[in-house]
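J.: what's the 3D shape of this:
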Amino acid sequence: MLLLTQWFEPEPAFKGLDFAKELIKQGLEVEVVTGFPNYPIGKIYPGFKIKPVQHDLLDGVKVTRVALYPSHDRSSIKRIFNYVSFAFSSFFYCLFFIRKVDVIYAYHPPLTVGIVASLLRLLRRIPVVYDIQDLWPDTLRTTGMMDNEIVLSLVGKICEQVYKRVDRIVVLSPGFKSQLIQRGVPQNKVEVIYNWSSEGVTESKSDKVPMGFPSPENFRLLFAGNMGAPQGLSAVLEAAQLLVVRGVSAVIIFVGTGLQLEELKRKAAALSLANVIFFPPVSMAEVGAYLKNADALLVHLKADELFKITIPSKTQAYMAVGKPILMAVEGDAAELVTAAKCGVIATPENPGDIANAIQYLAETSPANQKRMGIRGLTFYKENLSLSVGSAKFRKIFEDVVRKNKENY
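T.: Numbers count the residues shown, from 1 in each chain. Model (predicted):
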């Protein structure tokens, strides 16, 4: 099979090397076509130089890198050129140089990867399984990446055409599936496979306390990841202010970076929040230590209809690390935590409700905190793990290959 994705190791790719290795472990032969690593900094990683084509072997996985324009900043034009350049290079390479494969697995975002896969489906008659992680154009509009309604309408029409031409669509939540069905995609064409975590990180045995990490005297709630407009973290700072007023001994820890980071720091300083700490971004190898030394972990997104059908990938990582979760996201993500009985739910962008949830977790017994964490870990292993998800993908790949052979 061909794994077509714009982002792959050493980039922080979600369905990257671990996914490819697990598919090989389950009996599939896998080849990857991707770009030269530049995400999320927008610059080519040290040790790499853009060439028309480069062949690598990563832990036994064949990886072909094709040229692209590196960019990942606020400029929509540069971002579009980044997407289009990879689409052109990958399409040309896959059309003329890649050997015949049984199935293409295409990872979205961006939409341009889906366009390439659908064209290859037409020209080379290779069945396509399309994995949708962001619902376009909805995500573009909600995140503010694009606000031109004419362009957004065009993106929506292109999405519809891609959906028609691929053989199977995989989505990350029941809400995504409902949305696609409402948009005319046949129900039997869409499968829900929940995301898994970066298990090499969450399974790390290291309990080393990071330098500067708060002591256990305070309840420690941690948010790790991107701090942009979609995360709506200003409300969490307001919740921290309420905790100070109430005299709750709790510290909120932010680890990572993002477009809103400096604004959040300025607000925390303006509110004199001694119970808020910011740590710079750390590598995937290091983040596990931060997660494991926290008492509970926070997921927060803005109150938006799109996010009701979104399950942030940190949800699964938090479950896999075995810590209680404060889920301040409505819809499918909250229902997942409720089903696992592994945390508490708060209304997003509601400082009072968030503060109530933090206070509950801070004042509940350590034994109850531990039970929540164990339930989350157990639920993850049984329903959301890499091996469980990959086995479901393998069955889908086998099914579309069989049907394709019957039709040709």
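
J.: CA atoms for contacts and neighbours, from now on please.
T.: OK.

J.: Tell me the gap between the one helix or strand residue 55 maps to and the middle of its chain.
T.: Using DSSP states H and E, the secondary-structure element containing residue 55 is strand 53-58. Computed by CA atoms, centre = their mean, to the nearest Å, the separation of strand 53-58 from the middle of its chain amounts to 25 Å.

J.: Using CSV, list the CA coordinates for it.
T.: What follows is the C-alpha trace of strand 53-58 in CSV, where atoms were taken according to Å, rounded to 0.1, in the frame of the first residue of the first chain:
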residue,chain,number,x,y,z
VAL,A,53,13.2,13.2,-5.0
GLN,A,54,15.0,11.5,-2.1
HIS,A,55,14.6,7.9,-1.0
ASP,A,56,15.0,7.0,2.7
LEU,A,57,14.6,4.0,4.9
LEU,A,58,13.3,4.7,8.4
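
J.: which of the residues in that strand are buried?
T.: Taking 16 or more other CA atoms under 10 Å as the neighbour-count basis, strand 53-58 is seen to contain the buried residues residue 54.

J.: Equivalent analysis for stretch 286-305, please.
T.: For stretch 286-305, the buried set under the neighbour-count rule, 16+ other CA under 10 Å, comprises 287-303.

J.: what's the spacing between residue 56 and residue 28?
T.: Taking CA to CA, to the nearest Å as the criterion, residue 56 is separated from residue 28 by 19 Å.

J.: Looking at the buried residues of stretch 286-305, which are in strands?
T.: When DSSP state E is applied, the buried residues of stretch 286-305 are split such that 296-300 fall in strands.

J.: And the helices in the stretch 251-400 of the chain, which stretches?
T.: Assignment of helices within the stretch 251-400 of the chain using DSSP state H, counting those that start in this stretch yields the ranges 261-270, 284-293, 314-321, 332-340, 351-363, 366-383, 386-407.

J.: of all these, which lies closest to residue 200?
T.: Taking CA to CA, helix 284-293 is the member of the helices of the stretch 251-400 of the chain nearest to residue 200, at 8.1 Å.

J.: Which elements pack onto that closest one?
T.: Other helices and strands packing on helix 284-293, by 3 or more CA pairs under 8 Å, 6 or more residues apart in numbering; DSSP states H and E, are helix 199-202, helix 314-321.

J.: let's go with 10 Å and repeat that
T.: In terms of contacts (3 or more CA pairs under 10 Å, 6 or more residues apart in numbering; DSSP states H and E), helix 284-293 is packed against helix 199-202, strand 219-224, strand 250-255, helix 314-321.

J.: what distance separates that helix from the centre of its chain?
T.: Once both centres are worked out by CA atoms, centre = their mean, helix 284-293 turns out to sit 17 Å from its chain's centre.

J.: just to revisit the earlier point, partners of the strand holding residue 55 in the sheet?
T.: Strand 53-58 has these partner strands in its sheet, going by DSSP bridges: strand 61-66 (antiparallel).

J.: Skipping adjacent residues, who's closest to the most centrally placed residue in the chain in space?
T.: Central residue of the chain (CA atoms, centre = their mean): residue 313, 4.3 Å from the mean position. Excluding the flanking residues, the one nearest residue 313 by CA to CA, 6 or more residues apart in numbering is residue 195, at 6.6 Å.

J.: Distance of that neighbour relative to residue 400?
T.: As judged by CA to CA, residue 195 and residue 400 stand 21 Å apart.

J.: Looking at those two now, which is surrounded by more residues?
T.: Regarding residue 195 and residue 400, a neighbour count based on other CA atoms under 10 Å identifies residue 195 as having more, with 25 against 19.

J.: Correct me if wrong: the more buried one contacts residue 319.
T.: No: the criterion here is CA atoms under 10 Å, and residue 195 misses it with residue 319 at 11.8 Å.
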